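Asks: Pasted the sequence and its predicted model underneath.
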Amino acid sequence: MVYFPYLAEGARIGLRPYRPTDGAEFTARVRESRELHHPWLSPPESVEAYEAYAAPLITGVAGGAAGAAAAGRAGFLVCERESGAIAGFVNVNNIVLGAFRCGALGYGAFAHAAGRGLMREALALAVGHAFAADGLALHRLEANIQPGNAASIALVRGLGFRLEGLSPDFLHVKGAWRDHERWAITAEMPCPGVPHRTG
């Protein structure tokens, strides 16, 4: 089922908010993508876990910049425009406004959509929305990536993020504290592929 309107649209994908009714499709895609996501991601695999995961992401998008700051996050599903199928997700976590105006990106493609350039398009749209005054109104986005995740590093590098350093034992992932490279982009930096927003 095609979902309209999208918060932002590219040539092949649209970004839209999570919905409570997306649980069955989202978790089916997660289960199909276990091999792709291992060892980098562990999104929810059951509808019950999805509901808990999605609730603050839904609240964050619904309230604009203030709602996202209050919830601490906002999330977007990446959908193929032709079919409306969920191809991945982009979340902006740890949102702080005030003088900081920063958030941390988390994202992933699902196996059926991997390797097709859809996440590059989606991440560019998400960056544009995050920096837009009528979006999340942020100034800075960070992407913290495990050094071995070459695909994710290539994705952010290609979008103009700069490497700022290494954070040892940064996040607890899959049972262990993992080092992460710290990549960032600010609103003033060019981001290839950031189109005009649709609304």
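Replies: Yes, it's here.
Asks: hang on, residue 166 packs against residue 182?
Replies: Yes. Counting by C-beta atoms under 8 Å, residue 166 touches residue 182, with 7.1 Å between them. Every residue, glycine included, has its C-beta placed from N, CA and C.
Asks: Centre of the chain to the helix ranked longest in the chain, how far?
Replies: Ranked by residue count, the top helix of the chain under DSSP state H comes out as helix 47-62. Relative to the chain's own centre, helix 47-62 is displaced by 14 Å; criterion: C-alpha atoms, centre = their mean, to the nearest Å.
Asks: and what of stretch 10-23?
Replies: Worked out by C-alpha atoms, centre = their mean, stretch 10-23 lies 11 Å from the chain centre.
Asks: Name the residues of it that come out as buried.
Replies: For stretch 10-23, burial by neighbour count (16 or more other C-beta atoms under 10 Å) applies to 10, 12-18, 22-23.
Asks: Quick one: mean pLDDT over it.
Replies: Across stretch 10-23, the average pLDDT comes to 94.
Asks: The chain should start at 10 in everything you say after this.
Replies: Okay, using 10 as the starting number, the last item reads as stretch 19-32.
Asks: ok, residues contacting that stretch?
Replies: Residues outside stretch 19-32 that contact it (C-beta atoms under 8 Å, 6 or more residues apart in numbering): 12, 14-18, 35, 56, 59-60, 63, 66-67, 70-71, 84-91, 95-96, 98-99, 126-127, 130-131, 133-135, 138, 204.
Asks: follow-up on the earlier one: which residues belonging to the longest helix of the chain are considered buried?
Replies: For helix 56-71, by 16+ other C-beta under 10 Å, it's 59, 62-63, 65-70.
Asks: between the residues you listed, which is nearest residue 120?
Replies: residue 59 (17.3 Å; C-beta to C-beta).
Asks: pretty sure that closest one is touching residue 67, no?
Replies: No. Using C-beta under 8 Å, residue 59 is not in contact with residue 67; the gap is 11.2 Å.
Asks: returning to that earlier point: restricted to buried residues, select the contacts of stretch 19-32 in ChimeraX.
Replies: This is how ChimeraX selects the buried members of the contacts of stretch 19-32, with burial counted by 16+ other C-beta under 10 Å:
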select :15,16,17,18,35,59,63,66,67,70,84,85,86,87,88,89,90,95,96,98,99,127,130,131,133,134,135,138
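Asks: Quick one: list the elements packing against the longest helix of the chain.
Replies: strand 22-26, helix 32-41, helix 73-80, strand 82-89, strand 95-105 (3 or more C-beta pairs under 8 Å, 6 or more residues apart in numbering; DSSP states H and E).
Asks: so can I have JSON lines of those showing distance to residue 179?
Replies: Below are the helices and strands packed on helix 56-71 laid out as JSON lines (distance: least, C-beta to C-beta, whole Å):
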{"stretch": "strand 22-26", "distance to residue 179": "27"}
{"stretch": "helix 32-41", "distance to residue 179": "23"}
{"stretch": "helix 73-80", "distance to residue 179": "23"}
{"stretch": "strand 82-89", "distance to residue 179": "18"}
{"stretch": "strand 95-105", "distance to residue 179": "12"}
